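> Here's a sequence, model it:
(chains A, B, C and D)
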Number of protein chains: 2
Amino acid sequence: MTERRLDRSGGQPLWKQLQQDLVRRLRAGEFDDVFPGELALVEDYQVSRHTVRQALTKLRADGLIVAERGRQPRVATSPEIRQPMGALYSLFSSVEASGLTQHSVVRALDIRADGVIAARLDLEASIPLLYLERLRFAGDEPLALDRVWLPASIAAPLLDADFTHTSLYNELAASTGLRLDHGREDIRAVVPTPAERTLLRCPPEAAAFSINRQGSSQNRPVEWRHTLVRGDRFALSAEFSANTGYRLTTGAVTHAGA
Amino acid sequence: MTERRLDRSGGQPLWKQLQQDLVRRLRAGEFDDVFPGELALVEDYQVSRHTVRQALTKLRADGLIVAERGRQPRVATSPEIRQPMGALYSLFSSVEASGLTQHSVVRALDIRADGVIAARLDLEASIPLLYLERLRFAGDEPLALDRVWLPASIAAPLLDADFTHTSLYNELAASTGLRLDHGREDIRAVVPTPAERTLLRCPPEAAAFSINRQGSSQNRPVEWRHTLVRGDRFALSAEFSANTGYRLTTGAVTHAGA
DNA sequence: CTAGCTTAAATGTGCGTACATTTCTGCTGA
DNA sequence: TCAGCAGAAATGTACGCACATTTAAGCTAG
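Predicted coordinates for the structure are as follows:
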């Protein structure tokens, strides 16, 4: 290993310089295969192990690396797992957690233009969009009516996908490599129209969640979604504390029967 | 200070035992005036300063204490500012942000017993509870019906409070020093009953949010709340990203008129 | 060639020291 | 009486060492 130098004039603490340099090298992909051990860093940077550990402690607190006793630290791989977050994800993951099987009936999958939606995606009105409309089931009962618009220039490969069992995000990541990293949701309480009520087989006096979502990937809007979720069977659950902030736990499933 | 002993048999690391003991004493209110310095802890627990700092580092990471150079550590006071979080807070703060004035009509404020609610607060069925029922207005229009139960042993001083303009949390903090630091919410979409509809002056075909909340302070449940919010004028807004997670931004107010 | 053991290596814990930097306290002098 | 300064005290940074505990590698024996 080449000998790396830190500024010892006292401008910034050594461990902080070391931490920042490690973050830089990590983001540059330098440690994709192996992360150097503490003693190796001691040699490279010519600082004490105490200082190295101080820097690594910070990196672990930020979730960038994981370390175990006797084993070399490794670059953390977790953060990409929890990407499709939000209220919708919370609701649908709760179905899985409750043991009910999920499947979808694709009611439409085509390419069309829609000026209103395109405007919400910051696109020209005439730009073609891939439109996917699904009726989502939890067990044998309808759960939600889900409608998604994506720019056709990105999502065209999805025209041939089978959406009866896989999720849109999985398909999107698989065929285009795209992953949502940002989004906004608007959650409203509404009374479904008679047509929607029939489609969802709602009981007469049931309300519903109307969720609008705009999803982005790397600062580019790529998804506009509207989902209507039956309110008689599903609820949003959230937990908050001074430390962890506000987190959706998992959408509660009220007893499916009756 | 009395000499405190830690288990040195190796069951748990010393710094972890120290950290846990400090958390315990902190929650017991032992450090409300001053938090002991590092050297004092070294004396008390008979461990090295390194070990003390390891424990304090964890406490700082959890936001329980704050420390500055040359100054004794102090119990953190910041997290309580943003405490009344959650969907309810989001909704009501949005009203303020929109410029509408808020006020409440107190429909009930008394002490009663309720076995069902008491059970949800982990209390005996016969324990008296302070009950507060308010109709909350945004501008001249009703916004929500809010019902709160608190253990009378804690909240009795609130019997004389004026809730037409101040918030419950402010009153609670002012007269008892109690602040919520943890909570759970369940958010449902419902159709209000005719009585509720009349009370809230809902239009005929409007849905509502039904929010149940259980609030805790220092691991003790102190609040059960049920709030019914008009769904025709208010929505929940949330934003999420890979870095910051899921955060309620501010409940959107759809144009009040019409 | 493989199972099992031994050894080496890496991180975790804990102690000690020294000095820097900042804050607070108390004293001194005008 | 008050301003300013010097010293004490506290935390921050940085170095060193020793040993415990766990993992991984290597070696030996069957």
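> Write out the residues of chain A neighbouring DNA strand C.
Proximity of chain A to DNA strand C (Cβ under 7 Å from any atom of the strand) is limited to residues A:10, A:37-40, A:50, A:53, A:56, A:67-73. Using the backbone N, CA and C atoms, a C-beta is placed for each residue, glycine as well.
> how close does A:Ala235 sit to A:Asp44?
Applying Cβ to Cβ, to the nearest Å, the value for A:Ala235 to A:Asp44 is 53 Å.
> Now which of the residues of chain A next to DNA strand C would you call buried?
Neighbour-count burial (16 or more other Cβ atoms under 10 Å in any protein chain shown) applied to the residues of chain A next to DNA strand C gives A:Glu38, A:Arg53, A:Leu56, A:Ala67, A:Pro73.
> TSV please, covering the residues you listed and showing pLDDT.
Formatted as TSV, those follow (pLDDT from 0 to 100):
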residue	pLDDT
A:Glu38	92
A:Arg53	95
A:Leu56	94
A:Ala67	86
A:Pro73	82
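> Pick out the most distant pair among those residues.
A:Arg53 and A:Pro73 (10.7 Å; Cβ to Cβ).
> Beta-bridge partners for A:Pro221, please?
Per DSSP bridges, residues listed as beta-bridge partners of A:Pro221: A:Ser216.
> was I right about it contacting A:Asp122?
Yes - counting by Cβ atoms under 8 Å, A:Asp122 is a contact partner of A:Pro221 at 5.4 Å.
> Tell me which of these two has more neighbours.
Neighbour count, other Cβ atoms under 10 Å in any protein chain shown: between A:Pro221 and A:Asp122, A:Pro221 has more, with 18 against 10.
> which parts of the stretch 151-258 of chain A sit against chain B?
The stretch 151-258 of chain A comes close to chain B at residues A:181-191, A:205-209, A:229, A:231, A:235-243, A:245-249, A:252, as judged by Cβ under 8 Å from any Cβ of the partner chain.
> among the residues you listed, which are in strands?
Among those, the members falling in strands (DSSP state E) are A:182-190, A:208-209, A:229, A:235-241, A:245-248, A:252.
> Report the buried members of those.
A:182-190, A:208-209, A:229, A:235-241, A:246, A:248, A:252.
> Break chain A down into its structural domains.
According to automatic domain parsing, chain A comprises the domains A:14-78, A:82-253.
> do you know which of those domains lies nearest B:Val105?
domain A:82-253 (22.6 Å).
> My guess is A:Pro192 contacts A:Phe209. True?
No - the criterion here is Cβ under 8 Å, and A:Pro192 misses it with A:Phe209 at 10.2 Å.
> so what's in contact with these two at the same time?
A:Leu228 (Cβ atoms under 8 Å, 6 or more residues apart in numbering or on different chains).
> in its sheet, what does whichever strand or helix holds A:Leu150 sit against?
According to DSSP states H and E, A:Leu150 maps onto strand A:141-151. Note on strand A:141-151: by DSSP bridges, its sheet partners are strand A:128-138 (antiparallel), strand A:220-230 (antiparallel).
> which residues are in contact with the last one?
With contacts defined as Cβ under 8 Å, 6+ apart, strand A:220-230 is touched by A:88, A:91, A:117, A:120-123, A:142-151, A:154-155, A:178, A:180, A:183, A:190, A:192, A:196, A:200, A:202, A:206, A:208-216, B:189.
> Is the spatially closest residue to A:Leu172 that is not a sequence neighbour part of a helix or strand, or is it coil?
Nearest non-adjacent residue to A:Leu172, counting by Cβ to Cβ, 6 or more residues apart in numbering or on different chains: A:Leu178, 5.3 Å away. Under DSSP: H, G, I helix; E, B strand; the rest coil, A:Leu178 falls in the coil class.
> Quick check: A:Leu178 vs A:Arg220, distance?
9 Å.
> which ones are touching A:Leu168?
A:Leu132, A:Val148, A:Leu158.
> repeat for A:Leu59
Counting by Cβ under 8 Å, 6+ apart, the residues that A:Leu59 touches are A:Gln19, A:Leu22, A:Val23, A:Ile65.
> Which pLDDT does the model give the second one?
Looking back up the chat, that one is A:Leu22. pLDDT, A:Leu22: 92.
> Confirm that it sits in a strand.
No - assigned with three-state DSSP, A:Leu22 falls outside any strand and is helix.
> these two touch, right, it and A:Ala55?
Yes - in this structure A:Leu22 lies within contact range of A:Ala55 using Cβ under 8 Å: 6.5 Å.
> which regions of chain A lie under the pLDDT threshold?
Along chain A, segments meeting pLDDT under 70 span A:1-2, A:76-85, A:90, A:242-244, A:250-258.
> What residue in it comes nearest to DNA strand D?
A:Gly70 (2.2 Å; Cβ to the nearest atom of the strand).
> What values do phi and psi take at that residue?
phi 80, psi -10 (degrees, to the nearest 10).
> now it: how far from A:Arg53?
Where A:Arg53 is concerned, A:Gly70 sits at a distance of 15 Å (Cβ to Cβ).
> Relative to DNA strand C, how far out is A:Ser217?
34 Å (Cβ to the nearest atom of the strand, to the nearest Å).
> check contacts around the residue of chain A closest to DNA strand D.
A:Gly70 neighbours (Cβ under 8 Å, 6+ apart): none.
> Near DNA strand D, which residues of chain A? Just list them.
A:13-16, A:47-51, A:54, A:68-71.
> possible to save those residues as JSON lines with secondary structure?
Formatted as JSON lines, those follow (three-state DSSP):
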{"residue": "A:Pro13", "secondary structure": "coil"}
{"residue": "A:Leu14", "secondary structure": "helix"}
{"residue": "A:Trp15", "secondary structure": "helix"}
{"residue": "A:Lys16", "secondary structure": "helix"}
{"residue": "A:Val47", "secondary structure": "coil"}
{"residue": "A:Ser48", "secondary structure": "coil"}
{"residue": "A:Arg49", "secondary structure": "helix"}
{"residue": "A:His50", "secondary structure": "helix"}
{"residue": "A:Thr51", "secondary structure": "helix"}
{"residue": "A:Gln54", "secondary structure": "helix"}
{"residue": "A:Glu68", "secondary structure": "strand"}
{"residue": "A:Arg69", "secondary structure": "coil"}
{"residue": "A:Gly70", "secondary structure": "coil"}
{"residue": "A:Arg71", "secondary structure": "strand"}
